[in-house]
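> mind folding the following:
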Amino acid sequence: MKDQQVQAKVRRDWSEMSPLMAEYASGSETQAAFCAARRLKIGTFQYWWRRYRSETEGQPASGFVALLAHREVSAEVGEIELRYGAVRLGLSGMPADYVAELVRELAGSC
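Model prediction:
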């Protein structure tokens, strides 16, 4: 019978992961390539990346970002939901021309 290798779970802490996240932030590798080179699970990386961004950039750890309107909008229009892959954006009380303007601005920043 062949020897079975048992991989123990590795607990990582902020002091270990913060420098790795800073390294990722300053580089140009994809998340997958970065993780493969350092033998990190992508899920572990993503947890720490959200936390790192929350700590260093003020990004919410939940992945939600508040968007503020640049002008007043009418509350007469019903609800609109935009989907892009796993991302869902719910809007209510926004006129169609404002939503179109918002989508154009978001598209320009991607």
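
> what is the mean pLDDT for stretch 30-47?
If you average the pLDDT over stretch 30-47, you get 92.

> what's the first helix or strand after the biggest helix by length in the chain?
Longest helix in the chain by number of residues (criterion: DSSP state H): helix 42-57. Moving toward the C-terminus from helix 42-57, the next helix or strand (DSSP states H and E) is strand 79-84.

> isn't residue 81 right next to residue 89, touching?
Yes: using C-beta atoms under 8 Å, residue 81 is in contact with residue 89, at 6.9 Å. Heads up, the C-betas are built off the backbone N, CA and C, glycines and all.

> distance between the helix or strand hosting residue 98 and the chain's centre?
Residue 98 belongs to helix 96-109 when assigned by DSSP H and E. Put simply, helix 96-109 sits 20 Å off its chain's centre (C-alpha atoms, centre = their mean, to the nearest Å).

> for it, C-alpha coordinates in PDB please.
Presented in PDB, the C-alpha positions along helix 96-109 are these (Å, rounded to 0.1, in the frame of the first residue of the first chain):
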ATOM      1  CA  ALA A  96     -33.600  55.400 -16.400                       C
ATOM      2  CA  ASP A  97     -31.300  58.200 -17.700                       C
ATOM      3  CA  TYR A  98     -29.500  58.200 -14.400                       C
ATOM      4  CA  VAL A  99     -29.000  54.500 -14.400                       C
ATOM      5  CA  ALA A 100     -27.600  54.700 -18.000                       C
ATOM      6  CA  GLU A 101     -25.200  57.500 -16.800                       C
ATOM      7  CA  LEU A 102     -24.100  55.300 -13.800                       C
ATOM      8  CA  VAL A 103     -23.500  52.300 -16.100                       C
ATOM      9  CA  ARG A 104     -21.400  54.400 -18.400                       C
ATOM     10  CA  GLU A 105     -19.300  55.700 -15.600                       C
ATOM     11  CA  LEU A 106     -18.800  52.200 -14.100                       C
ATOM     12  CA  ALA A 107     -17.900  50.800 -17.500                       C
ATOM     13  CA  GLY A 108     -15.300  53.500 -17.900                       C
ATOM     14  CA  SER A 109     -13.600  52.600 -14.600                       C
END
